Each structure stands twice: as C-alpha cells, then as structure tokens.
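Participant: Give me a 3D structure for the following:
(chains A and B)
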Amino acid sequence: MSIAADLIRGHTDTIILAQLMHGDSYGYSINRKIQEITQGQYELKEATLYTAFRRLEQSGFILSYWGDENTGARRRYYSITKAGRAYYASLLDAWERSERIIEQLIR
Amino acid sequence: MEYNIRAYVDGLLRDAPETQRAFEMKEELIQNLLDKYNDLVESGKSPEDAYNITIYGIGDISELLAEMEREEPARGGEDAAAFKYYEAMYYFRRRRAALLAAGIAFCVFGLVPCIVLSVLAEANGTDFLAGVGVGGMFVFWAVGAALIVFGAVSGPKRSDPPEMAVRIYLQKTARRPAVSQGTAASIYWTLLVSAYLLLSFLTNRWDITWLMFLAAPAGFMLMRALHAAAAKNTEEEERK
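Facilitator: Numbers count the residues shown, from 1 in each chain, chains lettered A, B, ... in the order given. Alright, predicted model coming up:
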C-alpha cells in the first residue's frame, strides 16, 4: 500500500481537480468521495489535501469561498476555474501518455 | 472530543504564520476533521478509535506549514509601518496613563505634609509650620495638575496622521536622558539627608524625624527597580 501511495501521490492535483470537475466541494467531502470510489483503498492525508488546495488556489486553478450552511458548520468550498479545467485536461493527457509508455516499458 | 481535536490542531499549527489566511486554514481543517470524526462515530467506531483514526489521517503537517510560510509575504513595507504605529500608540497610551497616575498621586500626597505640619504646628504653637504645610500642599497640587495637563496635551493628537505619531514617538524615545544607577543613588541620598535636616531643624522633632531613614530603603529599592526597567526598555529599543 505504501508503494502504491507513493505512486499515487504525484497525481494529487489531478485527483482533486477531477473531483471538482463534478462540481464545487469541500475538503472532507472530496476525501470521502475518493474513499468511496476506491472502496477504502486510498485516502488523502489532510496535510496533503490542504497543501494541494493552497497550491492550486495560488496558481489560479481553483477558487475558494465560505459556504453558509444552516447547520452551523461553516465550510470552505472550492470551485475549479477555467484555467483549472485546462490544467486538468493537460494533466489527464500527460497521464494517458505516460501510462502507455510505462505499460510498454514494464511488460 | 471536539475540544481534543481543536487542541490537537492548535498544537500542530503552533508555528503557522499569524495571518487571517492561516487562521481560516486552521478553522477549515478543524471543521473537516470534525466531519470525519462524526462520520466515523456514526459508522460505529468508539470515540477513542474515531479520534485516533482522525488524528492519524492528518499526516505530515510540515509540507502544509512550508506552503503557508511561502505564501505569506515577509513582514516589511506596509506591515512594518503599521507595526511601528501600533508601537507608538502603545507607548503614548502608557505614557499618558503614567503621567495621569503620577499627577493624581501628587494631589493626594500633597495633603500629607499639610496634615503632619498642622499637627506639629498645633503641638508647637507656631503658625509658621501650618503656613509651610498649606503652601507645600499647593506646590504639590501645582505639580500634580501640571503633570495631568502635560500628559493630556503632549503626544500626538487623535487627528494626527500615523506618520506624525511615529515621528514624535521616535524623537521621544531617541533622547532618553541616561542617568547612571550611581548618580541616581547619590542624588537620592543627598535629597533625603537634606530633607531630614530641614524638617528636623524646622520642627525640632528629632525624636520622630529619624524614622525617615527607616522608610528610605523602600523608596530606594523602588527607584532602583524603575531605573532598571527604564534601562531595559531603552536597550530593547536600541536592539530593534
């Protein structure tokens, strides 16, 4: 698992952006979605998740805003920008190419 | 458990920069950890297990701290100016308070020699001493009133621009008279002996006036402490 986690870590940005492509969301919701999709095999550490949020926001790929929930718990939501969508497309493209190359190389 | 998670994150982000952004970051992290914790408890975990899983899931905070540190611009420019302004305002507020307190103290203590001397005058049957006492009281009051008025009108006005306040502050702190401990001590003891002799000759109550020397060391200690505090302040200013 730890080796796989290392391999996946390089794609943290892609994973987060992919979730935001489905709509605005907040930290824990994104992480829960990741767990659901992978059936509990993978989960981002909070430190990794929030570092990525900040980095992506600084680069202009995502925006954040405080949601006004009636339940009392105020959550910071993230929203993907136009630049973020383009960045996501390029990351996806890079992944698809490297996946093919690695397949060819290691089999 | 909410408190525990909060306290844990507070500890983790102890070294984070003190900015609005960093504060919001902490609130966001805490809120999301609480969501996670509550979900785990709902799914049947014991509070202890849920807490441990939640805390373990945070991971290595150092990269987040590094990212926060990198984003915050170094203290300089506007921040430094604002900081200096607050420092100046703090200095003037303390100064005004000290002058006001000293002025009031003078007015109150001005009554002491008046009362003492009038009692002595009655005992000795000399109106002269009572006159000195009343005169002395007015002198004390004059000094007290002067201190209060000076405190109120000196220093920057509320309407002054911040740069003005900072400039006055820098001027005031720059030329602080440097009286050494030794000089202050000799002035103190000389004044004390003069006061003792003057009072004793005037009142002829040598049997009581010597008590001044019993009280004197306390005053001396107080002066020394004030002097040391002032010197330390000056030192800190210079180091900045």
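Participant: From here on, just use CA atoms for contacts and neighbour counts.
Facilitator: Will do.
Participant: could you point out the longest helix in chain B?
Facilitator: Looking across chain B with DSSP state H, the single longest helix is helix B:78-109.
Participant: what packs against the helix or strand following it?
Facilitator: Using DSSP states H and E, the helix or strand that follows helix B:78-109 in sequence is helix B:111-124. Under the contact criterion of 3 or more Cα pairs under 8 Å, 6 or more residues apart in numbering or on different chains; DSSP states H and E, helix B:111-124 touches helix B:127-153.
Participant: Quick one, grab the pLDDT at the residue nearest the centre of chain B.
Facilitator: In chain B, the centroid-proximal residue (Cα atoms, centre = their mean) is B:Arg94; its distance is 6.4 Å. B:Arg94 is assigned 86 on the pLDDT scale.
Participant: What distance do you get for it to chain A?
Facilitator: 40 Å (Cα to the nearest Cα, to the nearest Å).
Participant: still on that earlier bit, helices or strands up against the longest helix of chain B?
Facilitator: Helix B:78-109 packs on helix B:127-153, helix B:162-174, going by 3+ Cα pairs under 8 Å, 6+ apart.
Participant: relative to helix B:78-109, how tilted is the first one?
Facilitator: This points to helix B:127-153. 160 degrees (axes from the mean of the first three to the mean of the last three Cα atoms, to 10 degrees).
Participant: model confidence over helix B:127-153, on average?
Facilitator: Over the span of helix B:127-153, the pLDDT mean works out to 81.
Participant: quick revisit: quick one, which of the helices and strands packed on helix B:78-109 is nearest to B:Asp35?
Facilitator: Judged by Cα to Cα, the one of those that comes nearest to B:Asp35 is helix B:162-174, at 45.3 Å.
Participant: and B:Gly151, what is it in contact with?
Facilitator: By Cα atoms under 8 Å, 6 or more residues apart in numbering or on different chains, the residues touching B:Gly151 are B:95-97, B:99-100.
Participant: Kindly report the same for B:Ile30.
Facilitator: B:Ile30 neighbours (Cα under 8 Å, 6+ apart): B:5-6, B:9.
Participant: And for B:Ser200, the neighbour number?
Facilitator: 16 (other Cα atoms under 10 Å in any protein chain shown).
Participant: Then B:Gln171?
Facilitator: 10.
Participant: Please report the distance of the residue nearest to the spatial centre of chain A from chain B.
Facilitator: For chain A, A:Ile16 is the residue whose C-alpha lies nearest the centre (Cα atoms, centre = their mean; 1.1 Å). Note on A:Ile16: its distance to chain B, by Cα to the nearest Cα, is 16 Å.
Participant: so which strand or helix has that residue?
Facilitator: helix A:12-21.
Participant: Name the residues that touch that helix?
Facilitator: A:30, A:49, A:52, A:56, A:78-80, A:84-85, A:88, A:91-92.
Participant: For the longest helix along chain A, name the packing helices and strands.
Facilitator: Using DSSP H, we find that the single longest helix of chain A is helix A:82-106. Contact partners of helix A:82-106 among helices and strands, from 3+ Cα pairs under 8 Å, 6+ apart: helix A:12-21.
Participant: neighbours of A:Glu96, just the number please.
Facilitator: By the measure other Cα under 10 Å, the count of residues near A:Glu96 is 11.
Participant: right, and the helix or strand after the helix or strand B:Leu29 falls within?
Facilitator: Assigned by DSSP H and E, B:Leu29 falls within helix B:20-42. Downstream of helix B:20-42, the next assigned helix or strand under DSSP H and E is helix B:47-58.
Participant: what comes up buried for the next helix or strand after that following helix?
Facilitator: Downstream of helix B:47-58, the next assigned helix or strand under DSSP H and E is helix B:62-71. Neighbour counts over helix B:62-71 (16 or more other Cα atoms under 10 Å in any protein chain shown) mark B:64-65, B:68 as buried.
Participant: Quick check: which ranges of the chain have low pLDDT?
Facilitator: The chain I'm using is chain A. Applying pLDDT under 70 to chain A picks out residues A:1-3, A:69-72.
Participant: switch to chain B, that's the one I care about
Facilitator: Residues of chain B meeting the criterion pLDDT under 70: B:72-81, B:158-159, B:175-179, B:234-240.
Participant: Domain parsing of it, as residue ranges.
Facilitator: With domains defined by automatic domain parsing, chain B comprises B:2-71, B:74-175, B:178-240.
Participant: and the ones you listed as JSON lines, adding distance to A:Met21?
Facilitator: Output for the domains of chain B, formatted as JSON lines (distance: least, Cα to Cα, whole Å):
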{"stretch": "domain B:2-71", "distance to A:Met21": "21"}
{"stretch": "domain B:74-175", "distance to A:Met21": "34"}
{"stretch": "domain B:178-240", "distance to A:Met21": "51"}
